[in-house]
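>>> Quick one, fold the following:
(3 chains)
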Amino acid sequence: MSSKRLTRREFLRGATLTGVGLAAAACGGTATPVAPTTAPTAAASPIPTVAAKDKIRVGMSRPLSGSQAIVGDSAFRPIYETWVPMVNADGGVYVEEYGKKLPIELTIYDDKTDVGTMVRLTEKLILEDKVDFLWPACGTSFIFAQAPIANKYGYILITAEGGATTIKDALPSLPYTFVTLSFSDWYQIPVLADLLAAKGAKTAYIMYIADLHGIEYSGVAGIEFPKKGIDILGIKSVPPDIKDVSAVLNQAMDSKADVFCCFAYPDQIMPTVGTCMGVGYNPKAWIGGPGVNFGFFHTAFGPAVEGVTGFAGGSPKQSEALKAMYDKLYAGKPEDANDWWGHPFYWAGLECWKAAIEKAGTLNQEKIRDVLATEKFETVLGETWFSNGLLAKEAHMAEIGQWQNGVYEVVGPTDKATADFIYPKPAWPGA
Amino acid sequence: MRTHRTILKSLGGLVLLVLAMALLAGLPLYASAYTVILITSILMYIILAMSWAMFSGPTGYISLAPAAFFGVGIYTAAVLGLELPLPLVILLAGVGSFCLALLVGGLTLRLKGIYFVIFTIGLVELIKNLVLWYEVTFTGTRGRFVVPVDNNTVYHVMLTILVLLLLTAYLIRRSRFGLALQSIGEDEQAAAHVGVNVNPLKMIVFAVSAVFMGAAGAIMATRWSYVDPYIAFNPLFSFMAVLMAIFGGLGKFYGPMLGAVIIAYLEETLITRFPYYYMLIFGLVLVATILFLPGGLVGLAPKLRSWTARRERAHPGG
Amino acid sequence: MRGCLFAEWLSPVEEISTPLDSLHCDCYGREGAIVIVTILDVVIAGLLLGGLYALIAMGLSLQYGVARVLNVSHGEFIMLGGLITWTLTTQFGLNPLAALAVCGPLTFLLGYILHRTIFRRLASTAESVGVFEGNSMLASFGLMFIIQNLALVIWGPEIRGYSYLARPVNIGGALFGANRLLTLGFALVIGLIFYLYLARTRMGKAIRAAAQDRDAAALMGININYVLAICFALGAAMAGIAGMLISMSYPVNAVMGFEYTTIAIIVVVLGGLGSIPGSFIGGFLLGLVGSVVTYFQPGLALAAYYAIFILLLLIRPTGIMGR
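The predicted structure follows:
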């Protein structure tokens, strides 16, 4: 790697080359063909006088690679890969303005699980590709970053994976953002606390991942549990790449708490379950965050998952609509692909999107946004609407789920449950 | 002896340079909004690649730390952005990276080169874990909102940082410090014997190179509006800086710049057209470059020339 | 207090199956017992972790110590071992231990091919050892992304897990997973086998010679290129086996490699660059440190490893057993 002595000529030549190169790139950028213009502002006339439109272009920046690829691929991706062809097979979304159904065309870019890239690609989709609609990026922190941008350009953003109490506070300033997924205080932990207290649980030990998700869940639990008479005997945070949780588990065992909570992700939940089995830790209730609700949890641990509790979105036993959705989604796929928490919410989000467009009769985002914010829609969850940008908790079909006989039953809230909450949890097999 | 021709050439080159700079500075006036964003991104990569090459090029000490310094800049903006004005934040980010680099350099540069490399490999992970732990334990947050800044402002700031970087790199390279750095790269012991203050020089140049990475990080953070330790400290930036500099070639001053522009453009194409394979392709590019084209792209021209010259000699007259 | 603790520790074998309540120490009663068991917990957990670290580090030490390649893609071989084991276990119903027969040779072969094609060429074109080390490190950096991307394409980004021997085993009143004890056992056995290999076989002697002085070894008639390739391949095989062992206790996925690489590198430096026994011991040491730190502040485990690294750099850069 030796270098010659730099001459002034070389420097000038090089710098100029680069400058010219950049300028050429700039001109090249502007030369990209622009898509035909979209809807006009006047919408009243029944005979469309607008430029012909033959499809609805939807753009997405997704983590097709990088650390969140796992989440994206199992959560929202199966939804849009199933829902969009289904809608298109039926002709598409009916837009009155054009007097016909328009099929959906997806443009998907890989943001490498890098926020900077996601932001840039979102702006590319909006400014350069001029897509009609934006579908969400993956992950709570990505939603936080994407929402202000979508809002700035007046693009609706119905989120999929992600959601947190802090975004709840930010929503009033983000009128174009609608959050679908349920989360800690909307409305899972309060229901969980009720469930546990009703069965006589008195104490809990919480282990949480050191990130926004973990902090939020442990924080909310810290408030809701004591309200229902459950004392928290210990709270320990673990880093996301923790290899050995046995120290924390031993402390939890020593505390003799009734309930053990693991507010983390699959990467931590799975080794924790394995270690629990290894050290023979059998609390009366074992609560886990995202990870417990996935099919791969069951396939990895088999009958050992009996009694493990997590968060849920809906069960095929609850309604024809939910059963039909699950059948379509999981047809021909291994159990690994199942997600019993998020999938109903994401699907419902897309159904609301379609219904709102059809009700508004136009592709104008401002009008559609107004419809989304004020009206009710019929989805897999039944009657669904958004209240202050959040999918109304009254529309939730489930909050808490539990593995029973290899099936992830809905156990809370009790008025929507498909099975009784098993407490205490049976001991790990082979102990 | 400088003839009229060479003076005219220098002058002509200077005029071209000024023209190019003017074109770039005025970009927001005539280019589309997304083009400005794209070029900003390319500028970021150029800054990372060039500042990496400023130290690692001549000395041969391979640093995998750019992501750490860039991340320090990002986090500075996240933490201080709400309270202090933007210019001050950028300055502090540069200073912060400078201090971190001095620390790293002080610890490792007085030992064999391999310790330096090893330390920088894990530095990003270490800082990420530390910041994360601190936030969880003491401030109870994870992630911060960054005050957004207008895209055109971001662009101009990045351009300014790049110009300053180029000037600094050029001046160092042309000065006796540049010569000293090269001598360190060729034979460190001999350089020490000749009187070069090896350790302080290495530390300072390393630290100076970190300043630009930190400053760039601070301004880029404003585009992302939400930042957490995982977002800020991403090892991918180290990889890209190294890839771009080596692919472009370290033999010429503008090599890393060239590499950055090409790779950045390639990345834009790959993530939109072949999203599943772009990391594979970049890895292959790096390995292939190291194996077959160790001088990078700028090393290609002399290679071609000597190859054709050899052919001519072997088969004179075609 | 110290005397009391050690007395309990060294007490006769019957203690092992005694329930927690009856363990006692004259000085501190029940609390003393808990402290003892806690210390035992932490130490054994540290050894379990350390066994894994030792195995990973030995592989990297071979690659760097002898072949002088700082293989940043070491963790990717671990990942491959883990994912291959997962596939064989869940898709073909094999016992994970049987997967050993596949993982080991496969990663060995991969390592061998990579060395012969990439690193040997680099060695022949490099002007000095320093340049070679730098270039080969960079090449392995590129390899890291290539292998990772290929794994992503083959297995997808999903987390893959299975449960094997997650049964508790009682040691001194504390319970440990059988799978993790098995991992430790394996690490020790492999370490022993390797030690014997180095000490007793011809190839082993050739490796030791090459590690000491490559040029002299070449002069003595050793086919140095072949030996280096074997070293690299052996290192890769150790990583593959480590991956198999990891998959028994933890879920695996395509992006898990880099954190193990970082740990392996720290252990290799801790043990002394170029010393294989050093990495073995260093692995256990680091595992113990990790276990102790995790007991108090889990978030600082990696920072603790780095703190040790920094301390070493300041006091004794050559590591525990380095030259």
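>>> From here on, just use CA atoms for contacts and neighbour counts.
OK.
>>> now the helices for chain A?
A:8-30, A:69-74, A:76-89, A:115-123, A:140-152, A:165-170, A:188-198, A:212-227, A:246-255, A:266-279, A:295-301, A:320-330, A:342-360, A:365-374 (DSSP state H).
>>> Over to the stretch 101-250 of chain C?
For the stretch 101-250 of chain C, applying DSSP state H, counting those that start in this stretch gives helices covering C:120-125, C:129-155, C:178-200, C:202-212, C:214-219, C:224-249.
>>> Which neighbouring elements make contact with the longest one?
The criterion is 3 or more CA pairs under 8 Å, 6 or more residues apart in numbering or on different chains; DSSP states H and E, and the helices and strands that helix C:129-155 contacts are helix B:278-292, helix C:74-86, helix C:120-125.
>>> Of all the helices of chain A, which one comes closest to B:Ala169?
helix A:8-30 (10.7 Å; CA to CA).
>>> picking that back up, what's the least confident stretch among the helices of chain A?
In terms of average pLDDT, helix A:8-30 trails the rest of those, at a mean of 51.
>>> Find the nearest non-adjacent residue to B:Thr272, please.
A:Tyr109 (5.0 Å; CA to CA, 6 or more residues apart in numbering or on different chains).
>>> Enumerate every residue touching A:Val292.
A:266, A:269, A:308-311 (CA atoms under 8 Å, 6 or more residues apart in numbering or on different chains).
>>> so which of the residues you listed are also by chain C?
A:Pro266 (CA under 8 Å from any CA of the partner chain).
>>> So which of the contacts of A:Val292 is the closest to B:Lys252?
Of the contacts of A:Val292, the one sitting nearest to B:Lys252 (CA to CA) turns out to be A:Pro266, at 48.0 Å.
>>> and that closest one, how many neighbours?
Residues lying near A:Pro266 (other CA atoms under 10 Å in any protein chain shown) number 24.
>>> Who are the contact partners of the closest residue to chain C within chain A?
Chain A approaches chain C most closely through A:Gly278 (3.6 Å), counting by CA to the nearest CA. Shown in contact with A:Gly278 (CA under 8 Å, 6+ apart): C:166-169, C:175-179.
>>> The same query, at a cut-off of 10 Å, please.
Taking CA atoms under 10 Å, 6 or more residues apart in numbering or on different chains as the criterion, A:Gly278 is in contact with A:246, A:272, A:428, A:430-431, C:165-170, C:175-180, C:249.
>>> Just the buried residues from those, in PyMOL please.
Filtering the contacts of A:Gly278 down to the buried ones (16 or more other CA atoms under 10 Å in any protein chain shown) takes a single PyMOL command:
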select buried, (chain A and resi 246+272+428) or (chain C and resi 165+166+167+168+169+170+175+176+177+178+179+180+249)
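>>> what's the distance between the nearest residue to A:Leu372 once chain neighbours are set aside and chain B?
The shortest distance from A:Leu372 to any non-neighbouring residue, by CA to CA, 6+ apart, is to A:Ala356 (5.9 Å). In this view, A:Ala356 and chain B are 29 Å apart by CA to the nearest CA, to the nearest Å.
>>> For A:Phe377, see how far away A:Ala356 is.
Using CA to CA, to the nearest Å, A:Ala356 is found at 8 Å from A:Phe377.
>>> Overlap in contacts, those two.
Joint contacts of A:Ala356 and A:Phe377 (CA under 10 Å, 6+ apart) are A:Val371.
>>> Show me what the helix or strand containing B:Leu14 is packed against.
Here B:Leu14, judged by DSSP states H and E, is contained in helix B:4-25. Contact here means 3 or more CA pairs under 10 Å, 6 or more residues apart in numbering or on different chains; DSSP states H and E; on that basis helix B:4-25 packs against helix A:8-30, helix B:27-30, helix B:151-174.
>>> at 6 Å instead, please
helix A:8-30 (3 or more CA pairs under 6 Å, 6 or more residues apart in numbering or on different chains; DSSP states H and E).
>>> got a list of what A:Thr309 touches?
Counting by CA atoms under 6 Å, 6 or more residues apart in numbering or on different chains, A:Thr309 makes contact with A:286-287, A:401-402.
>>> For the closest residue to it other than its chain neighbours, list the residues it contacts.
Once flanking residues are discounted, A:Thr309 sits nearest to A:Gln402: 4.3 Å by CA to CA, 6+ apart. Contacts for A:Gln402 (CA under 6 Å, 6+ apart) come out as A:307-309, A:408-409.
>>> Pull the number of nearby residues for the closest residue in space to A:Gly289 that isn't next to it in sequence.
Nearest in space to A:Gly289, with sequence neighbours left out and distances taken as CA to CA, 6+ apart, is A:Phe263 at 4.9 Å. When neighbours are defined as other CA under 10 Å, A:Phe263 has 28 of them.
>>> what does A:Ala427 give?
Residues contacting A:Ala427 under the criterion other CA under 10 Å number 16.
>>> cool, and B:Thr308?
12.
>>> That one should be in a helix, yeah?
Yes - under DSSP: H, G, I helix; E, B strand; the rest coil, B:Thr308 sits within a helix.
>>> spatially speaking, which residue is in the middle of the chain?
All of this is about chain A. Centroid-nearest residue in chain A, with CA atoms, centre = their mean: A:Glu161, separated by 1.1 Å.
>>> meant chain B actually
Most central in chain B (CA atoms, centre = their mean) works out to B:Leu48, at 2.2 Å.
>>> Give me every residue in chain A lying close to chain C.
A:69-70, A:238-239, A:247, A:271, A:274, A:277-280, A:300-301 (CA under 6 Å from any CA of the partner chain).
>>> looking at the contacts of A:Gln402, which has the most residues close by?
Ranking the contacts of A:Gln402 using other CA under 10 Å puts A:Tyr408 first, with 31 neighbours.
>>> How confident was the prediction at the closest residue to that residue other than its chain neighbours?
Leaving aside its chain neighbours, A:Tyr408 sits nearest to A:Gln402 (5.4 Å; criterion: CA to CA, 6+ apart). We have a pLDDT of 95 for A:Gln402.
>>> repeat for the one 3 residues further on
In this prediction, A:Asn405 carries a pLDDT score of 93.
>>> Okay, it and C:Gly161: tell me how far apart.
The value you get for A:Asn405 to C:Gly161, if CA to CA is used, is 20 Å.
>>> and what of A:Phe260?
In this view, A:Phe260 and C:Gly161 are 22 Å apart by CA to CA.
>>> More neighbours: which of these two?
C:Gly161 (28 against 25).
>>> ok, the residue nearest to the centre of chain A - contacts?
A:138-139.
>>> Please, which helix or strand holds the nearest residue to B:Ala180 once chain neighbours are set aside?
Excluding its sequence neighbours, the residue lying closest to B:Ala180 (CA to CA, 6+ apart) is B:Val196, at 6.5 Å. B:Val196 is part of no helix or strand, with elements assigned from DSSP H and E.
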